[in-house]
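A.B. asks: please work out how this folds:
(one chain, ligands or ions: 1)
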Amino acid sequence: MKKLPIGIFDSGLGGLTVQREIALALPYEDTIYLGDTAHVPYGTKSVQTVTRYSKRIAEFLSEKGIKLLVVACNTASAYALDELRKTLDIPVIGVIDPGAQMAVASTKTMRVGVIGTEGTVRSGAYFDAIKAHNVKVSVFFKACPLFVPLAEEGMLDNKIAALTASHYLGYFKEHPVDTVVLGCTHYPLLKEAITKALGRNVTLIDSAEATAIEVRELLSKEELLRTEVEKEGDSDRIGSHKFYVTDSPERFIQVGRHFLGDTLAEAELVDLGG
Ligand code: DGL
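C.D. replies: Now for the predicted structure:
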């Protein structure tokens, strides 16, 4: 079991921010990533549709053999996590609770902002997760739908990114917070633009980092963590990473390099049905 890879999925490319943090935090683990590029974006779709896609992907990754499933997509975590936990017999980690927990630990004013897709904001999942950690924390939401295409286009810190960030994040001038959760896979790429719009005194919570920490803790608790001593005589062994997509591997590799750099060399196309 320990030698099996960690399965990770997202609606597309954005979850590579989570894959990257997991690979950095757990260098001896293998990962299998699936980007549902045929169906992206999830952020504007219904609970039923996102849950159906998520279940199909979980089935595909389980058949490959994984020891843990990470739902790297915030929208899928908000909509489908409970259903996946019910149907799979391996642990399932989403990105919402780790980010919520880190935000609660960070806030001093007890006022936390959450930015994400329309679906994530509408679901109330961050609200519930933050309140579960501390009921006294007030939560303020803002959907920032244009951040996803900006990140996909690699417009990370230019005038358009700055204007879009100040357009959305002006909301937090009227509703001041000291901590903002980046509640969407793509947003860590726009950290600079977001920081400039919010001011340096606002702490940004990167759900990708928080999730990698939770993955390490869970694997270690379950005695499933691969460490240096697990190298099996191969002194150079580090984790290997496999990528699957449901549409256009070329575009995935081209745009995915904004997320992973040149380490993303190959992605295999799979057909999971319509
Ligand atoms: N992966 C999605 C999320 O984190 C963003 C992109 C999409 O809408 O599918 O919510």
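
A.B. asks: secondary structure element holding residue 215?
C.D. replies: Here residue 215, judged by DSSP states H and E, is contained in helix 207-221.

A.B. asks: now that helix: buried residues?
C.D. replies: Buried residues in helix 207-221, counting neighbours by 16 or more other C-beta atoms under 10 Å, are found at 207, 208, 209, 210, 211, 212, 214, 215, 219. Backbone N, C-alpha and C define where each C-beta goes, glycine included.

A.B. asks: same question, stretch 23-32
C.D. replies: 23, 26, 29, 30, 31, 32.

A.B. asks: and the first one, how far from residue 150?
C.D. replies: Shown here: residue 23 relative to residue 150, a distance of 24 Å by C-beta to C-beta, to the nearest Å.

A.B. asks: now swap in the third one and tell me
C.D. replies: Taking C-beta to C-beta as the criterion, residue 29 is separated from residue 150 by 31 Å.

A.B. asks: also the fourth one?
C.D. replies: Spatial separation of residue 30 from residue 150 under the definition C-beta to C-beta is 32 Å.

A.B. asks: ok so, going back, do the helix holding residue 215 and the ligand meet?
C.D. replies: No: applying C-beta under 6 Å from any ligand atom, one finds helix 207-221 separated from the ligand by no less than 8.4 Å.

A.B. asks: can you name the next helix or strand after that helix?
C.D. replies: Using DSSP H and E, the next helix or strand after helix 207-221 towards the C-terminus is strand 241-245.

A.B. asks: what packs against the helix or strand just after that following strand?
C.D. replies: Going down the chain from strand 241-245, the next helix or strand is helix 249-260, by DSSP H and E. If contacts are counted by 3 or more C-beta pairs under 8 Å, 6 or more residues apart in numbering; DSSP states H and E, helix 249-260 sits against helix 16-25, strand 241-245.

A.B. asks: how close does the residue nearest to residue 11 when sequence neighbours are not counted sit to residue 186?
C.D. replies: In this structure, residue 11 finds its nearest non-sequential neighbour in residue 42, 3.9 Å apart by C-beta to C-beta, 6 or more residues apart in numbering. Computed as C-beta to C-beta, the residue 42 to residue 186 distance reads 12 Å.

A.B. asks: got it, and residue 147?
C.D. replies: Separation of residue 147 from residue 186 (C-beta to C-beta): 6 Å.

A.B. asks: neighbour count for these two, which is higher?
C.D. replies: residue 186 (29 against 26; other C-beta atoms under 10 Å).

A.B. asks: contacting residues around the more buried one?
C.D. replies: 13, 14, 17, 147, 148, 151, 152 (C-beta atoms under 8 Å, 6 or more residues apart in numbering).

A.B. asks: pLDDT at it, what is it?
C.D. replies: On the pLDDT scale, residue 186 is placed at 93.

A.B. asks: thinking again about what came up before, turn the helices and strands packed on helix 249-260 into CSV, columns for mean pLDDT and distance to residue 198.
C.D. replies: Shown next, in CSV, are the helices and strands packed on helix 249-260 (pLDDT from 0 to 100; distance: least, C-beta to C-beta, whole Å):
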stretch, mean pLDDT, distance to residue 198
helix 16-25, 94, 19
strand 241-245, 96, 32
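
A.B. asks: just name the most buried of the ones you listed.
C.D. replies: Comparing the helices and strands packed on helix 249-260 by mean neighbour count (mean count of other C-beta atoms under 10 Å), helix 16-25 comes out on top with a mean of 23.

A.B. asks: okay if I get the helices and strands packed on helix 249-260 as JSON lines plus distance to the ligand?
C.D. replies: Shown next, in JSON lines, are those (distance: least, C-beta to the nearest ligand atom, whole Å):
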{"stretch": "helix 16-25", "distance to the ligand": "9"}
{"stretch": "strand 241-245", "distance to the ligand": "14"}
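
A.B. asks: okay, now the unreliable bits of the stretch 101-250 of the chain?
C.D. replies: 228-237 (pLDDT under 70).
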